[in-house]
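Peer 1: here you go, sequence then predicted model.
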Amino acid sequence: MGSEPIVRAVGLTKSYGRNPVLAGVDIAVERGTVFALLGPNGAGKTTMVRILSTLLRPDDGTATVAGYDVVRQAKSVRRVISLTGQYAAVDELLSGRENLVMMARLNRFGRAAARARAAELLARFDLEDAQNRIVGRYSGGMRRRLDLAISLISNPPVIFLDEPTTGLDPRSRQTMWTVIRELVAAGTTILLTTQYLEEADQLADRIAVLNNGTIVAEGTAAELKRGLSPGAVELAFLDETDLDRAARRLGHEVLHRDETRLQLRVAFDGTAEHVRVLLERTRQAGATATTLELDTPSLDDVFLALTSDASTNPATRQEVSAR
């Protein structure tokens, strides 16, 4: 990856009337990575994408894509990006192949080159069998794949995906994830907005959580989870005698004792070494744990914690840096 971020925003602000949508947003996206922007409805995700893709002017702040200023050099920015929104932007009266050829021609491909590029993309997105069917008869997943194929006509180095899997079934979503991974492996940079937290967890190299117009946390999925809480270890025992012995030995580390299920919930620092130490100390107490379960935060937990009312206070902002 290059040292200079391919997408950078500094202090972006945007208001609609008296309603502030972005209130000083900073992001930096490294080349050849997936950067996910998470946030509840109305947090400003789509506004951010529209500014970066030159469709909307910020009120203040600066943003660059591949070194081009999104306001002063908008035409240059448009040459190096592609934008895929929440809904497939395809002509339903044309076939899949005709849509691709038409868009290639609009991108100044010659006739033969346009047909060749269309054939290449139809194969890549597993649409060859449906290439001559009008798009109005495509399934939702096929439309989304065609839409993404169209966005790749000119092989842009940066792609903005604004909730690309909205409304897709699990199989179609998995197919889109595979395509996204392949694009990044080939060097494409992707800025992704999504409300599917599993999607960000699976795909993103870095995640920024946007809430009430500001970034309230940023880091890898693992860093964000650790920043919330390392979690706990749940130890189960065969009888109450073992439970008592372990509870006395582990002392203040015990967070909760469940007499009914013969379980102890113990504080956890997130490392494998800590698990080994807990089991060894339990054994030294003359107790045997029958099962062990790790209860660690999910990205859902992080999202809910950061987008609660309390997290809107700047004092609660998490600054999570790479470790």
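Peer 2: Now that the structure is in, tell me what you want to look at. Residues are numbered from 1 along each chain as shown.
Peer 1: the closest residue to Thr64 other than its chain neighbours sits in which helix or strand?
Peer 2: Once flanking residues are discounted, Thr64 sits nearest to Arg8: 5.2 Å by CB to CB, 6 or more residues apart in numbering. C-beta coordinates here come from the backbone N, C-alpha and C atoms, glycine included. Using DSSP states H and E, Arg8 maps to strand 7-16.
Peer 1: adjacent strands (with direction) for that strand?
Peer 2: Strands adjacent to strand 7-16 in the sheet, as given by DSSP bridges, are strand 19-29 (antiparallel), strand 60-65 (antiparallel).
Peer 1: so Leu148: helix, strand or coil?
Peer 2: helix (DSSP: H, G, I helix; E, B strand; the rest coil).
Peer 1: and the gap between it and Phe303?
Peer 2: From Leu148 across to Phe303, the span is 25 Å (CB to CB, to the nearest Å).
Peer 1: same check on Arg281?
Peer 2: Using CB to CB, which is the criterion applied here, Arg281 is 34 Å from Phe303.
Peer 1: neighbour count: those two, which is higher?
Peer 2: A direct count of neighbours by other CB atoms under 10 Å for Arg281 and Phe303 places Phe303 higher, at 23 against 16.
Peer 1: surely that one touches Val209?
Peer 2: Yes: using CB atoms under 8 Å, Phe303 is in contact with Val209, at 6.7 Å.
Peer 1: what do those two both touch?
Peer 2: Counting by CB atoms under 8 Å, 6 or more residues apart in numbering, the shared contacts of Phe303 and Val209 are Leu38.
Peer 1: secondary structure element for Cys235?
Peer 2: No, residue 235 isn't Cys; it's Leu. strand 232-237.
Peer 1: sheet-wise, list the partners of that strand with their directions.
Peer 2: strand 263-267 (antiparallel), strand 289-295 (antiparallel).
Peer 1: would you mind measuring from Gly157 to Gly32?
Peer 2: You called it Gly, but residue 157 is Pro. 9 Å.
Peer 1: swap in Leu161?
Peer 2: Per CB to CB, Leu161 is found 15 Å from Gly32.
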